[in-house]
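Peer 1: Sequence first, then the predicted structure, then my questions.
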Amino acid sequence: DVKVTQSSRYLVKRTGEKVFLECVQDMDHENMFWYRQDPGLGLRLIYFSYDVKMKEKGDIPEGYSVSREKKERFSLILESASTNQTSMYLCASSPNSGGYYNEQFFGPGTRLTVL
Amino acid sequence: GQQVMQIPQYQHVQEGEDFTTYCNSSTTLSNIQWYKQRPGGHPVFLIQLVKSGEVKKQKRLTFQFGEAKKNSSLHITATQTTDVGTYFCAGPHSNTGKLIFGQGTTLQVKP
């Protein structure tokens, strides 16, 4: 079974702090994604990566950056956390077969609260 | 921009009743995927439909992809309390291939 793990289930940070959210997948998937989930807004894509050291902006990249130094690991960075970044963050991975259309496997999520 | 809309946003049913959620895209989709998220859980892939007019069944769940490949539905027959959760549809953006998720339909089942 594909396993996607995230470094924390719950995280509380203060405004202005730098926050790192880590995601690791064990199925050698090429594609990895970071979403945030807010009530009534569904899943919104922040960033994704289709290869090591490659990254592309999603729909809401402002205030975030990412890093993918190894194939299995995709990190989301909040350079200076703000209260409007309080949310559930979900990481996902998918295999690559000519596109990004394949099913995505999600991690358990990190619920981040910024005070 | 390209959008994927789902209705209804919420649905409360009595156990044993049927349930349907509808997904509509502003553009033609190459495929549509459905995910289920249990309360407190993460989205889990259910199925992918690719062909125009395709119908697939998983036990009490029936998935349809419209003839024009712009809409889809998920129908649950005789709901059970284990069906509780939020159901998302998702389709790839026509240019980038990134998945665009609908807002989800949250199903509550009263025993």
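Peer 2: Structure's in. What do you need? Numbering: from 1, shown residues only, chains lettered A, B, ... in the order given.
Peer 1: Which residue, neighbours along the chain excluded, lies closest to the residue sitting nearest the centre point of chain B?
Peer 2: For chain B, B:Cys89 is the residue whose C-alpha lies nearest the centre (CA atoms, centre = their mean; 4.2 Å). The shortest distance from B:Cys89 to any non-neighbouring residue, by CB to CB, 6 or more residues apart in numbering or on different chains, is to B:Cys23 (3.6 Å). Every residue, glycine included, has its C-beta placed from N, CA and C.
Peer 1: Quick check, the one you found in contact with B:Lys69.
Peer 2: No. Assessed by CB atoms under 8 Å, B:Cys23 is found out of contact with B:Lys69, at 11.5 Å.
Peer 1: Compare the two and say which one has the larger neighbour count.
Peer 2: Ranked by neighbour count (other CB atoms under 10 Å in any protein chain shown), B:Cys23 and B:Lys69 place B:Cys23 first, with 28 against 21.
Peer 1: Provide the strand pairings for the strand or helix carrying that one, with the direction of each partner.
Peer 2: Using DSSP states H and E, B:Cys23 sits in strand B:19-25. Applying DSSP bridges to the sheet, strand B:19-25 is found paired with strand B:4-7 (antiparallel), strand B:71-76 (antiparallel).
Peer 1: Any chance of JSON lines for these, columns mean neighbour count?
Peer 2: Shown next, in JSON lines, are those (neighbours: other CB atoms under 10 Å in any protein chain shown):
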{"stretch": "strand B:4-7", "mean neighbour count": "19"}
{"stretch": "strand B:71-76", "mean neighbour count": "20"}
